[in-house]
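**Q** task: produce atomic coordinates for the following.
(chains A, B, C and D)
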2 protein chains.
Amino acid sequence: MDAKTLCLGVLLKGPATGYDIRKAFESGPFGHFCGAGFGSIYPALHKLEKEGLIEARAGDGSKRATRKFFALTRKGETALRRELANPAPLGPDLMRSEFMFRLFFAHLMPHERIAALIAERKALYKKKLVIVEGVLSRKDCRPGERFIAEMGRDLVLTALNHLEKNAPGLLGEKD
Amino acid sequence: MDAKTLCLGVLLKGPATGYDIRKAFESGPFGHFCGAGFGSIYPALHKLEKEGLIEARAGDGSKRATRKFFALTRKGETALRRELANPAPLGPDLMRSEFMFRLFFAHLMPHERIAALIAERKALYKKKLVIVEGVLSRKDCRPGERFIAEMGRDLVLTALNHLEKNAPGLLGEKD
DNA sequence: GCGACCATGTAATCTGTTACATGATTAC
DNA sequence: GTAATCATGTAACAGATTACATGGTCGC
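**A** Next up is the predicted model:
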């Protein structure tokens, strides 16, 4: 799942600019299981174009002429399908969370700090929830996309729930 | 959360070899929110030693003399505490999942392939569950560690549950 | 006019992954 | 004896992150 494959995947949903792809990761349907910044996306796009897997179309004459829409070529679609069909076992789901790393050492932090971290994280999760619910409300949401978005929503709800239910206990029984 | 900080964190629980640290990520209490391979751990350990944050002790005379136990120095403990106290806002929780990426495009895959992917993933999640329950059953599990392990357990249970409940729907309504 | 957001791109650096290389110990 | 697990390490490479650099458009 390098940046190139990720871009290919996003473009399967339809032509998009580099900026659009970034948004798909930041606040779109891909955000809860992968991601990439501009510094990965643009180089990836250029490589894909050179390989003939995508092609660029100029922005529609009038305004914002600077933007470049990229679209999958037939070759690109085939490549992605082949990648998806690859029977090699998939890697494990990876999660990395600075938040969990910190809370792991709760016994080394003052109460207020823990409480602040948890409050901050709850706000983040709520924002995520809004995003994933936005995805679910769209009509062009295919079964697979819906399945994954619902999984993402359940996961965020679980995290939120855990913080709400168990934070008091953590703050109370501190040594 | 680079490899160095991660190692420091693991060593706060007690002296360990590079191999032990790897296990803490692979099948120990750190596994569900961070990770590193040997190729990151050993160089990190050597850098930390050079900086005086950890120190090496030779293996206990008898057998397995080749292994080297690393332990936090006072300086190292201070450094970690400072890091934990750092009030800079934490980065978001990142998840990356090849599984979700694939399932997102379920409409491009044959039924059996989807079913196989889901079955495989269920097995992985069950394995994870066993690991996290092992962590929770240990007595030396501090409140923060317990809080995070319970969060991990809830998350895995949610994922498992989602697969069990919704996979039939995904397989049924395929176009 | 100004701030937020749209939009593209490059370069340096950092760091992680992968593959390689080696060898001891333990349980079957 | 042989396979699994313990155990440490290096080197090359790929890749991502970060910071930089620039400029247009939209709404208030």
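**Q** mind checking the SS state of the spatially most central residue of chain A?
**A** For chain A, A:Gly31 is the residue whose C-alpha lies nearest the centre (CA atoms, centre = their mean; 1.5 Å). In the three-state summary, A:Gly31 is assigned as coil, counting by DSSP: H, G, I helix; E, B strand; the rest coil.
**Q** quick check: pLDDT value at the nearest residue to it once chain neighbours are set aside.
**A** Nearest non-adjacent residue to A:Gly31, counting by CB to CB, 6 or more residues apart in numbering or on different chains: A:Phe25, 5.5 Å away. C-beta here means a position set from N, CA and C on the backbone, and glycine is covered the same way. The predicted local distance difference test score for A:Phe25 is 95.
**Q** next one: A:Phe25 from A:Leu94, what distance?
**A** Distance, A:Phe25 to A:Leu94, by CB to CB, to the nearest Å: 16 Å.
**Q** and if you look at A:Ile148?
**A** As judged by CB to CB, A:Ile148 and A:Leu94 stand 16 Å apart.
**Q** name the residue in those two with the higher neighbour count.
**A** When A:Ile148 and A:Leu94 are compared for neighbours, A:Ile148 comes out ahead with 29 against 15, by other CB atoms under 10 Å in any protein chain shown.
**Q** so the more buried one belongs to a strand, correct?
**A** No: assessed with three-state DSSP, A:Ile148 is helix; it does not lie in a strand.
**Q** thought it was touching B:Arg102?
**A** No: using CB atoms under 8 Å, A:Ile148 is not in contact with B:Arg102, being 9.5 Å away.
**Q** state the pLDDT value of A:His111.
**A** pLDDT for A:His111: 91.
**Q** A:Lys174 too?
**A** Reading off the confidence values, A:Lys174 has pLDDT 41.
**Q** report the buried residues of the helix or strand where A:Gly144 lies.
**A** Counting by DSSP states H and E, the secondary-structure element that holds A:Gly144 is helix A:143-172. By neighbour count, with 16 or more other CB atoms under 10 Å in any protein chain shown as the criterion, the buried positions of helix A:143-172 are A:143-156, A:158-160, A:162-163, A:166-167, A:170.
**Q** before we move on, what about stretch A:92-110?
**A** Judged by neighbour count using 16+ other CB under 10 Å, the buried positions of stretch A:92-110 are A:92-93, A:95-106, A:108-109.
**Q** chain neighbours aside, what residue packs nearest to A:Leu124?
**A** Here the nearest residue to A:Leu124 in space, its sequence neighbours aside, is B:Pro92; by CB to CB, 6+ apart that works out to 6.2 Å.
**Q** close to DNA strand D, is stretch A:22-36?
**A** Yes: residues of stretch A:22-36 contacting DNA strand D under CB under 7 Å from any atom of the strand: A:35-36.
**Q** chain center to that stretch, what's the gap?
**A** Taking the mean of its C-alpha atoms, stretch A:22-36 sits 3 Å from the chain's own mean (CA atoms, centre = their mean, to the nearest Å).
**Q** what about A:Glu55, neighbour count?
**A** When neighbours are defined as other CB under 10 Å, A:Glu55 has 15 of them.
**Q** one step back: angles on the backbone of the residue nearest to the centre of chain A, please.
**A** Backbone dihedrals for A:Gly31, given as degrees, to the nearest 10, come out at phi -60, psi -30.
**Q** that one contacts A:Ile21, doesn't it?
**A** No: proximity of A:Gly31 to A:Ile21 does not meet the contact threshold set by CB under 8 Å, at 11.6 Å.
**Q** measure how far stretch A:157-165 is from the centre of its chain, please.
**A** Going by CA atoms, centre = their mean, the spacing between the C-alpha centre of stretch A:157-165 and its chain's C-alpha centre is 20 Å.
**Q** brain fart, stretch A:88-96
**A** The mean C-alpha position of stretch A:88-96 is separated from the chain mean by 15 Å, CA atoms, centre = their mean.
**Q** pLDDT on that stretch, on average?
**A** This predicted structure assigns stretch A:88-96 an average pLDDT of 91.
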